[in-house]
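**Q** Sequence first, then the predicted structure:
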2 protein chains.
Amino acid sequence: MHRVKVRVVEDALDANNTIARANRDDFDRAGVYVVNLMSAPGAGKTTLLERVLGPLEGVRAAVLEGDVQGSLDADRLASLHVPVVQLNTGNGFGGECHLDANMVRSALPSLPLEDIDLLIIENVGNLVCPAEFRVGEDTRIMVSSVAEGEDKPLKYPLMFRACELVVINKLDLLPHVDFDMDKLRHNIRSVNPDAEIMEVSARTGEGVEGLRNWLVEAADRAAAPA
Amino acid sequence: MHRVKVRVVEDALDANNTIARANRDDFDRAGVYVVNLMSAPGAGKTTLLERVLGPLEGVRAAVLEGDVQGSLDADRLASLHVPVVQLNTGNGFGGECHLDANMVRSALPSLPLEDIDLLIIENVGNLVCPAEFRVGEDTRIMVSSVAEGEDKPLKYPLMFRACELVVINKLDLLPHVDFDMDKLRHNIRSVNPDAEIMEVSARTGEGVEGLRNWLVEAADRAAAPA
């Protein structure tokens, strides 16, 4: 059973990469910088986007919101007056635990690509499968909350390895949890020595300016003529 | 692509159910009550087990520890002097984001089924796929941390619907997070009106006695002659 299963997964990943490249071509043609934003459920991706996306100086952003079901997060972000498109993996995509390139492709006609510079794709909350499926993004950012403990990079190494930037969120909870920041940083480095690491509190706003600047600079770089 | 994919998933679920029934027969024959314990990454399953499993009056417990990679949780639990078997989905199982019946079956020879009354299967941290794969368990318990927010039942309804008991963990963080307990309870009820709900703090031990009693009573009921 498992041999067959693994073969099917590999075929699916090949097919996924082909579609991801097509997405990437469309994004590049429209001059849109694309972030695949990933985390465990409840790490605070949406709250972070609420903080970051309002005042993005000079950069026109949109969000593609991935969930198994519902549009709770999209509804929250809609008040920011940025274009938000909801993509549910439960509608015709088998309730998948991750976004894949084909799902994102199906949402492209709903996205105003010609009118934006930055697209944030908020993936399904999951530390395993989203890391395996490229969707056409330029970069991958993951959010890890201090409430989740320091051991997550060692238990979900593929996710931490897949990311260019790890945003450690919920700094405001540090006094109230048994958590060792140095240990988390050490564990991130042990699986991904090149990852940038940023500490923020989406709740208080601490450190959020750094993430905002990171996004603006990345989008600017992508838009600059080579 | 998606039609094919969905068909394969359905076939796999059928095959999984057949093996889950075989596991269940083996558990029943040995008189072992089996809990499939699920949650998002970092919700506190292992800390909860550390609190619960030491002093389980009259019930001999063992743990089957599921992770993508590593044995961090199994190592933590080993100090409790209960049998702990590590099952990695990364070893020959394609790095799956959930346990399935066949993986659990492969671990049965390592488990002292004749010498235990209660087996806790700690699933991979994930709120999507573990709910789709029965492994031969008698019951499913999920842990939801107050740090994850109140919206999770609406975003991951299958998981909350699959469980007999929802344990709300990290009560000690309540004063420090924007969290409405009534709203979470309402959201759980809206997707699973029959679920039992329990509030605990694995960190302080608050409410843990209730979970311990629940497990002891369930194991006793299962062991009683019909």
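**A** Sure, I can see it.
**Q** Could you use CA atoms for every contact and neighbour count after this?
**A** Will do.
**Q** what secondary structure does the residue positioned nearest the centre of chain A sit in?
**A** In chain A, the residue lying closest to the centroid (C-alpha atoms, centre = their mean) is A:Leu37, at 0.5 Å. Here A:Leu37 is strand, with the state taken from DSSP: H, G, I helix; E, B strand; the rest coil.
**Q** which residues does it contact?
**A** A:45, A:120-123, A:140-143 (C-alpha atoms under 8 Å, 6 or more residues apart in numbering or on different chains).
**Q** Next: A:Ile188.
**A** Taking C-alpha under 8 Å, 6+ apart, we find A:Ile188 in contact with A:153-154, A:160, A:195.
**Q** Of the residues you listed, which is the most crowded?
**A** Counting neighbours by other C-alpha atoms under 10 Å in any protein chain shown, the top entry in the contacts of A:Ile188 is A:Phe160, with 31 neighbours.
**Q** Okay, and it sits in which element?
**A** Assigned by DSSP states H and E, A:Phe160 belongs to helix A:157-161.
**Q** Give me the mean pLDDT for that helix.
**A** For helix A:157-161, the mean pLDDT works out to 96.
**Q** Following that helix in sequence, what is the next regular element?
**A** Past helix A:157-161, the next helix or strand by DSSP H and E is strand A:165-169.
**Q** now that following strand: how far from the chain's centre is it?
**A** How far strand A:165-169 lies from its chain's middle: 11 Å, per C-alpha atoms, centre = their mean, to the nearest Å.
**Q** Same question for the next helix or strand after that strand: list its buried residues.
**A** Sequence order places helix A:181-191 as the next helix or strand after strand A:165-169, per DSSP H and E. Applying a neighbour-count criterion of 16 or more other C-alpha atoms under 10 Å in any protein chain shown, one finds A:181, A:184-185, A:187-189, A:191 buried in helix A:181-191.
**Q** can you pull out the strands in chain A?
**A** A:33-39, A:61-67, A:84-88, A:118-122, A:139-145, A:165-169, A:196-199 (DSSP state E).
**Q** Could you give the number of residues near the nearest residue to A:Gly42 once chain neighbours are set aside?
**A** Excluding its sequence neighbours, the residue lying closest to A:Gly42 (C-alpha to C-alpha, 6 or more residues apart in numbering or on different chains) is B:Glu148, at 3.9 Å. Residues near B:Glu148, counting by other C-alpha under 10 Å, number 22.
**Q** Can you tell me how far B:Glu148 is from B:Met142?
**A** 13 Å (C-alpha to C-alpha, to the nearest Å).
**Q** now do A:Cys97
**A** For A:Cys97 relative to B:Met142 (C-alpha to C-alpha), the value is 17 Å.
**Q** and if you look at A:Arg29?
**A** Using C-alpha to C-alpha, A:Arg29 is found at 45 Å from B:Met142.
**Q** go on, A:Ser110?
**A** Distance from A:Ser110 to B:Met142, by C-alpha to C-alpha: 36 Å.
**Q** more neighbours, those two?
**A** B:Met142 (27 against 13).
**Q** Without its sequence neighbours, what residue ends up closest to the more buried one?
**A** Using C-alpha to C-alpha, 6+ apart, the closest residue to B:Met142 is B:Met38 (4.6 Å).
**Q** Might you report the residue contacts of A:Leu99?
**A** Counting by C-alpha under 8 Å, 6+ apart, the residues that A:Leu99 touches are A:66, A:89, A:123-124, A:130, A:133, A:135.
**Q** Kindly report the residues of chain A close to chain B.
**A** With C-alpha under 8 Å from any C-alpha of the partner chain as the criterion, chain A comes near chain B at residues A:2, A:6, A:40-44, A:67-70, A:72, A:93-94, A:96-97, A:125-129, A:147-149, A:151-152, A:154-156, A:173, A:176-177.
**Q** Just the buried subset of these, please.
**A** So, by 16+ other C-alpha under 10 Å, the buried ones in those are A:6, A:40-44, A:67-70, A:72, A:93-94, A:96-97, A:125-129, A:147-149, A:151-152, A:154-156, A:173, A:177.
**Q** How about the contacts made by A:Leu64?
**A** Per C-alpha under 8 Å, 6+ apart, neighbours of A:Leu64: A:84-87, A:119-122.
**Q** now swap in A:Gly205 and tell me
**A** Counting by C-alpha under 8 Å, 6+ apart, A:Gly205 has contacts A:Arg51.
**Q** cool, and the one 4 residues further on?
**A** For A:Glu209, the set of contacting residues under the criterion of C-alpha under 8 Å, 6+ apart consists of A:Val52.
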